[in-house]
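[1] structure of the sequence below:
(one chain, ligands or ions: 1)
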Amino acid sequence: MRIDILTLFPGMFPPVLDASILGRAQANNILEVHCFDLRDWTHDFHRTVDDEPYGGGPGMVMLVEPLANAIEDIQARDPRPAHTIFFTPAGTPLKQARAHELSEEFERLLLVCGHYEGIDERAYEWADEEISIGDYVLTGGELPALVLIDAVARLLPGVLGHEESAVDESFVEGLLEYPQYTRPAEFRGMVVPDVLLSGHHANIAAWRKAKAQERTRSRRPDLLD
Ligand code: ADE
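    Down below sits the predicted model:
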């Protein structure tokens, strides 16, 4: 998958994306990331990307012109059309199911990170989709873009090794994940449930399913609706 990122802060991405599993995915050519600085599509001395809102009010609004020109230029850099995602708290909340769909349906994504008080509404004409990563307000779309890349890229075939499988984890069957334990079998009087030491696979599977349901009911009843 190719992911293009349009941002005012291109330096925020490599430290995260070059580490750990996503760094390995890039080294293995499963994931290809390109960061673009929106200021490269400005023409004035100050490289202006924002202006005061029409109608007044606090804050600055990102200009439509550099955004539109940048998106069109970046689109043209690869023959594969990029599914273009804007990040905004007003977008559709990101869920695991959407991360799966994005990982399967698109060979190329273009992620547009807004900043300041918002962006000129007309720029959304260039959006295929608007995504929120939760009901809180961040300073910009960079962290949401990183969250989305992580959630999507780890689902691409070959990114997770067998040991890190994405099959048996939270949200996959609409439930939170069951509790996990590793050595030692006892720590300061806290013991690992007997069933996990029993070697009885059917009992272990039944215990895990019951724990996943119990945990989901108590912590996230909304997932059961
Ligand atoms: N930009 C600012 N806050 C955001 C959020 N919660 N989700 C997506 N984009 C945002």
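
[2] which strand is the longest one in the chain?
    strand 83-93 (DSSP state E).

[3] need the contact list for the residue nearest to the spatial centre of the chain.
    What sits nearest the mean C-alpha location of the chain, by CA atoms, centre = their mean, is residue 148, with 1.0 Å. By CB atoms under 8 Å, 6 or more residues apart in numbering, the contact list for residue 148 reads 85, 87, 94, 99, 102, 111, 131, 133. C-beta: built from backbone N, CA, C; applies to glycine.

[4] does the fourth one count as helix, strand or coil?
    To tie it back to what came earlier, the one meant is residue 99. Assigned with DSSP: H, G, I helix; E, B strand; the rest coil, residue 99 falls in the helix class.

[5] wait, doesn't it sit right on residue 156?
    No: counting by CB atoms under 8 Å, residue 99 stays clear of residue 156, with 10.7 Å between them.

[6] neighbour-wise, which of those two wins?
    Between residue 99 and residue 156, residue 99 has the larger neighbour count (other CB atoms under 10 Å), namely 20 against 15.

[7] buried sites along the longest helix belonging to the chain?
    When the chain is parsed with DSSP state H, its longest helix is helix 201-219. Residues 204, 207-208, 211-212, 215-216 are the ones in helix 201-219 that count as buried (16 or more other CB atoms under 10 Å).

[8] one more: stretch 77-87?
    82-87.

[9] show the contacting residues for the residue located most distally from the centre of the chain.
    Most distant residue from the mean C-alpha position of the chain: residue 189, 39.1 Å away (CA atoms, centre = their mean). Applying CB under 8 Å, 6+ apart to residue 189 gives no contacts.

[10] and the pLDDT for it?
    If you check residue 189, the pLDDT there is 98.

[11] which residue is the nearest non-sequential neighbour of residue 128?
    Closest residue to residue 128 apart from its sequence neighbours, by CB to CB, 6 or more residues apart in numbering: residue 84 at 4.8 Å.

[12] how about residue 118?
    Residue 118 sits nearest to residue 61 (CB to CB, 6+ apart), 5.8 Å away.

[13] list the beta-bridge partners for that neighbour.
    In this entry, residue 61 is beta-bridged to residue 51, by DSSP bridges.

[14] count the neighbours of it for me.
    19.

[15] and for residue 159?
    Other residues close to residue 159 by other CB under 10 Å number 21.

[16] was I right about it contacting residue 29?
    No: applying CB under 8 Å, one finds residue 159 not in contact with residue 29, separated by 11.3 Å.

[17] which bits of this protein sit near the ligand?
    Counting by CB under 6 Å from any ligand atom, the chain comes close to the ligand at 87-89, 91, 132-134, 136-138, 141, 144.

[18] in TSV, list these along with pLDDT and distance to residue 57.
    Listed next are the residues of the chain next to the ligand as TSV, based on pLDDT from 0 to 100; distance: CB to CB, whole Å:
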residue	pLDDT	distance to residue 57
87	98	21
88	96	17
89	95	17
91	97	21
132	97	22
133	98	25
134	97	25
136	96	21
137	95	16
138	96	20
141	98	21
144	98	24
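
[19] quick one: which of these is nearest residue 55?
    residue 88 (19.1 Å; CB to CB).

[20] list the contacts for the closest one?
    Applying CB under 8 Å, 6+ apart, the residues near residue 88 are 114, 118, 130-132, 141.

[21] so what's residue 47 scoring on pLDDT?
    98.

[22] next, count neighbours for it.
    With other CB under 10 Å as criterion, residue 47 counts 14.
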